[in-house]
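>>> next comes the sequence, and after it the predicted model I'd like to discuss.
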Amino acid sequence: MKAGLIAFMLLISFASEIHFAEVRSCSGWKLNRLPKVKEWINLYSEKYEGVEVKFKGGDPRIIFLNENKEPVTHEINISDMDAYQIHSLIIEKGLKWKGEVEFPVYKTEDL
């Protein structure tokens with residue numbers, strides 16, 4: 001019981017350390033083969049406080065950063081996620097949606 005409480009407290013303090021997110025992805029052929037991730041990058045990535053996209057080689061991934069822009073989490077591969085799943089991950093980590101309207105609740109495959 002005590003160990004569970006300690007783990008919960010660490011999780012809460014860990015989440016409060018997150019101030020930014022950096023999405024890293026190639027800009028070319030790999031991203032073009034992942035239409036769900038490409039949709040999120042093109043349509044929604046700029047609508048969060050503290051989220052930045054950097055086009056670097058490799059699979060699309062996200063890393064959460066503290067106020068000094070130092071990594072707080074390991075890189076999370078987002079290649080298999082749709083736009084709503086990426087949105088949910090970012091909101092779960094405590095970053096804010098600044099879009100004019102609520103995030104669309106549909107999933108890409110519903111289009």
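Received the coordinates, thanks.
>>> use CA for all of it now, contacts and neighbours both
Fine.
>>> just for the protein, where's the confidence low?
Low-confidence segments of the chain (pLDDT under 70): 1-16, 105-111.
>>> just the element for the residue most central in space within it, please.
Note on the chain: the residue nearest the mean C-alpha position is I90, at 4.2 Å, using Cα atoms, centre = their mean. Element membership of I90, judged by DSSP states H and E, is helix 83-92.
>>> repeat for F64
Taking DSSP H and E as the criterion, F64 maps to strand 61-65.
>>> I'd like to know which elements the helix holding I90 is packed against.
Judged by 3 or more Cα pairs under 8 Å, 6 or more residues apart in numbering; DSSP states H and E, helix 83-92 is in contact with helix 35-43.
>>> residue contacts, G50?
Neighbour list for G50: 19-21, 95 [criterion: Cα atoms under 8 Å, 6 or more residues apart in numbering].
>>> same thing but 7 Å
For G50, the contacting residues are 19-21, by Cα atoms under 7 Å, 6 or more residues apart in numbering.
>>> reformat those residues as CSV; add distance to F64, secondary structure and neighbour count.
Below are the contacts of G50 laid out as CSV (distance: Cα to Cα, whole Å; DSSP: H, G, I helix; E, B strand; the rest coil; neighbours: other Cα atoms under 10 Å):
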residue, distance to F64, secondary structure, neighbour count
H19, 8, coil, 21
F20, 6, strand, 25
A21, 4, strand, 24
